[in-house]
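Undergrad: model the structure of this input:
(chains A, B, C and D)
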Protein chains: 2
Amino acid sequence: MEDHSIPDIIVGRLPLYLRGLLYLSQEGRSVTSSQELGERLGISAAQIRKDLSQFGEFGKQGTGYKIDYLVAQLRQILHVTQVWEIIVVGAGDIGSAIARYQGFANHGFAVRMVFDNNPAVIGIEVGNFTVQDAVILSQAIQETGIKIAMIAVPASQAQAVADKLVEAGIKAILNYAPISLNVPSGVHVQNIDPVTHLQRMTYYL
Amino acid sequence: MEDHSIPDIIVGRLPLYLRGLLYLSQEGRSVTSSQELGERLGISAAQIRKDLSQFGEFGKQGTGYKIDYLVAQLRQILHVTQVWEIIVVGAGDIGSAIARYQGFANHGFAVRMVFDNNPAVIGIEVGNFTVQDAVILSQAIQETGIKIAMIAVPASQAQAVADKLVEAGIKAILNYAPISLNVPSGVHVQNIDPVTHLQRMTYYL
DNA sequence: TAGATTGTTAATCGATTAACAATC
DNA sequence: TAGATTGTTAATCGATTAACAATC
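TA: So this is what the prediction gives:
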């Protein structure tokens, strides 16, 4: 069947498969197996095959998966065949590091604008961008039609920024502020908080 | 029972509970309920109660949870009653942002040293730190007994760095490089990769 | 052909939710 | 007491694994 709603936990693994395949490709490999990929990623071969089978039949019995082909399929499934433009809100240390990050290129993303509301920061150069005044944030989102934003402002301002982004049409938020954002259904949020990641590990130490 | 092995998925939610409780506390609240906390975090009340019940009985029927008490208990469970010192490897944009990040204070962590292997970077100041030569990395880990490291080097060097860290005694790694690290059992890894987080959302766009 | 590996089924395992007695 | 909310049980739901026929 093809019109199942795919569990989010499976969707979350697809980018890992894609990344693993790209490294294999870089190493000059053209074919791989669920077992080999699984060993690289720390995921069982059965799970990889099961996950992929939700979307189609991409391999061949006896030989495995043609890497270039599976990469292309995963990119289509994940909607990263074109480049998504991104707005960064907050030009402090984290926002600046994101704006300069070279890792988005060739993976479906490009930072397009950087905003802040601090007069001391507005107008300075960050990477290839001039920090813009956050008062024109909504207007810029509506004019460009950009759907993805990253929040890199202090936690105290993050919910207000999220509300503004959503109202202007943003549909996906990567949130670097250490707070749980409340957004309407239909808007997606992923959180990156080093403290919660670290605390998850100290439990075991 | 008390000597169950706790599922990692539950351990992963405890830092979120802790963070939510701290915000409630900051707002002057002294008592909360599983329902209220759940609404804040987007987690069901039943799940919060069930998770907490793995570790003890922290609430009172009819009234809920005393916030300060539950915060203290969660800190003990997560082993963040004292400060864990951290080594940052890689003093590029990301490593520098981490080294300057103010959000670790009061949450159980403190960056202690920053390393790089690039002669152009060694010796410069990043936040309150002087970037040190990575050749003394192992020695520094062994002398200080530090158990937690963050990897903020290019993907091509990340596995080699991880191997070196593990050999020197590191037990928990927060990995900012976009690659799956292989480490021995007993060493914990958490990954922070904006690209995989973004691709997980573009699936739905 | 013989060997390898897929896609898929069925079984197992684990996580979440609903519901409620207990009790503050 | 009446109302509220916990801790826990049982039921439901979902995810993972094992195994294998199909087939390259």
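Undergrad: and A:Glu2, what pLDDT?
TA: Listed pLDDT for A:Glu2 reads 39.
Undergrad: where does the most centrally placed residue in chain A fall, phi/psi-wise?
TA: Note on chain A: the residue nearest the mean C-alpha position is A:Leu174, at 7.1 Å, using CA atoms, centre = their mean. Dihedral angles phi and psi of A:Leu174 (degrees, to the nearest 10) take the values phi -100, psi 110.
Undergrad: SS state for the nearest residue to it once chain neighbours are set aside?
TA: In space, and not counting its chain neighbours, A:Leu174 is closest to A:Met150: 4.5 Å by CB to CB, 6 or more residues apart in numbering or on different chains. C-betas here are computed from N, CA, C, even on glycine. Taken by DSSP: H, G, I helix; E, B strand; the rest coil, the conformation at A:Met150 corresponds to strand.
Undergrad: then A:Ser180?
TA: Assigned by three-state DSSP, the conformation of A:Ser180 is coil.
Undergrad: how about the residues of chain A by DNA strand C?
TA: A:33-35, A:45-46, A:49-50, A:52-53, A:57-65 (CB under 7 Å from any atom of the strand).
Undergrad: and the residue nearest to A:Leu174, how far from B:His107?
TA: 22 Å (CB to CB, to the nearest Å).
Undergrad: more neighbours: these two, which one.
TA: Ranked by neighbour count (other CB atoms under 10 Å in any protein chain shown), A:Met150 and B:His107 place A:Met150 first, with 27 against 22.
Undergrad: is it true that the more buried one touches A:Ser96?
TA: No. Counting by CB atoms under 8 Å, A:Met150 stays clear of A:Ser96, with 11.7 Å between them.
Undergrad: secondary structure element for A:Glu85?
TA: For A:Glu85, the element it lies in under DSSP states H and E is strand A:84-89.
Undergrad: can you list the buried residues in that strand?
TA: Neighbour counts over strand A:84-89 (16 or more other CB atoms under 10 Å in any protein chain shown) mark A:84, A:86-89 as buried.
Undergrad: work out the gap between it and the centre of the chain.
TA: 11 Å (CA atoms, centre = their mean, to the nearest Å).
Undergrad: cool, stretch A:176-189 as well?
TA: The answer for stretch A:176-189 is 14 Å, by CA atoms, centre = their mean.
Undergrad: also stretch A:147-164?
TA: So, by CA atoms, centre = their mean, the centroid of stretch A:147-164 is 16 Å from its chain's centroid.
Undergrad: buried stuff in it?
TA: Neighbour counts over stretch A:147-164 (16+ other CB under 10 Å) mark A:147-153, A:155, A:157-159, A:161-162, A:164 as buried.
Undergrad: just give me the longest strand of chain A.
TA: Secondary structure of chain A per DSSP state E: the longest strand is strand A:109-116.
Undergrad: for that one, packing partners?
TA: Contacts defined by 3 or more CB pairs under 8 Å, 6 or more residues apart in numbering or on different chains; DSSP states H and E place strand A:109-116 against strand A:84-89, helix A:93-100, strand A:129-130, strand A:132-133, helix A:137-144.
Undergrad: turn these into JSON lines, including mean pLDDT and distance to A:Leu70.
TA: Listed next are those as JSON lines, based on pLDDT from 0 to 100; distance: least, CB to CB, whole Å:
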{"stretch": "strand A:84-89", "mean pLDDT": "98", "distance to A:Leu70": "21"}
{"stretch": "helix A:93-100", "mean pLDDT": "96", "distance to A:Leu70": "29"}
{"stretch": "strand A:129-130", "mean pLDDT": "98", "distance to A:Leu70": "35"}
{"stretch": "strand A:132-133", "mean pLDDT": "98", "distance to A:Leu70": "40"}
{"stretch": "helix A:137-144", "mean pLDDT": "98", "distance to A:Leu70": "33"}
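Undergrad: and these as a markdown table, adding distance to A:Asp116?
TA: What follows is these, written out as a markdown table (distance: least, CB to CB, whole Å):
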| stretch | distance to A:Asp116 |
| --- | --- |
| strand A:84-89 | 8 |
| helix A:93-100 | 7 |
| strand A:129-130 | 11 |
| strand A:132-133 | 8 |
| helix A:137-144 | 10 |
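Undergrad: now A:Gly56, what's its secondary structure?
TA: With three-state DSSP as the basis, A:Gly56 sits in coil.
Undergrad: and what of A:Val135?
TA: What three-state DSSP gives for A:Val135 is helix.
Undergrad: and what of A:Arg75?
TA: Counting by three-state DSSP, the backbone at A:Arg75 sits in helix.
Undergrad: then A:Ile9?
TA: Under three-state DSSP, A:Ile9 comes out as helix.
Undergrad: roughly how far apart are it and A:Gln73?
TA: Counting by CB to CB, the separation of A:Ile9 from A:Gln73 is 20 Å.
Undergrad: chain center to stretch A:67-75, what's the gap?
TA: Centre-to-centre, stretch A:67-75 and its host chain are 18 Å apart (CA atoms, centre = their mean).
Undergrad: pull it out as PDB, backbone CA atoms only.
TA: Presented in PDB, the C-alpha positions along stretch A:67-75 are these (Å, rounded to 0.1, in the frame of the first residue of the first chain):
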ATOM      1  CA  ILE A  67      23.400   4.000  -4.000                       C
ATOM      2  CA  ASP A  68      22.900   6.800  -6.500                       C
ATOM      3  CA  TYR A  69      19.400   5.600  -7.200                       C
ATOM      4  CA  LEU A  70      18.400   5.300  -3.500                       C
ATOM      5  CA  VAL A  71      19.900   8.700  -2.800                       C
ATOM      6  CA  ALA A  72      17.700  10.200  -5.500                       C
ATOM      7  CA  GLN A  73      14.600   8.400  -4.200                       C
ATOM      8  CA  LEU A  74      15.200   9.500  -0.600                       C
ATOM      9  CA  ARG A  75      15.800  13.100  -1.800                       C
END
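Undergrad: quick one: low-confidence ranges for chain A?
TA: Within chain A, the ranges that satisfy pLDDT under 70 run A:1-4.
Undergrad: okay, which residue of chain A is out on the far edge from center?
TA: Largest centre distance within chain A, by CA atoms, centre = their mean: A:Gly62, 33.8 Å.
Undergrad: that older thread, now do the contacts for the residue nearest to the centre of chain A.
TA: Taking CB atoms under 8 Å, 6 or more residues apart in numbering or on different chains as the criterion, A:Leu174 is in contact with A:148-151, A:189-190, A:192, B:194, B:197-198, B:201.
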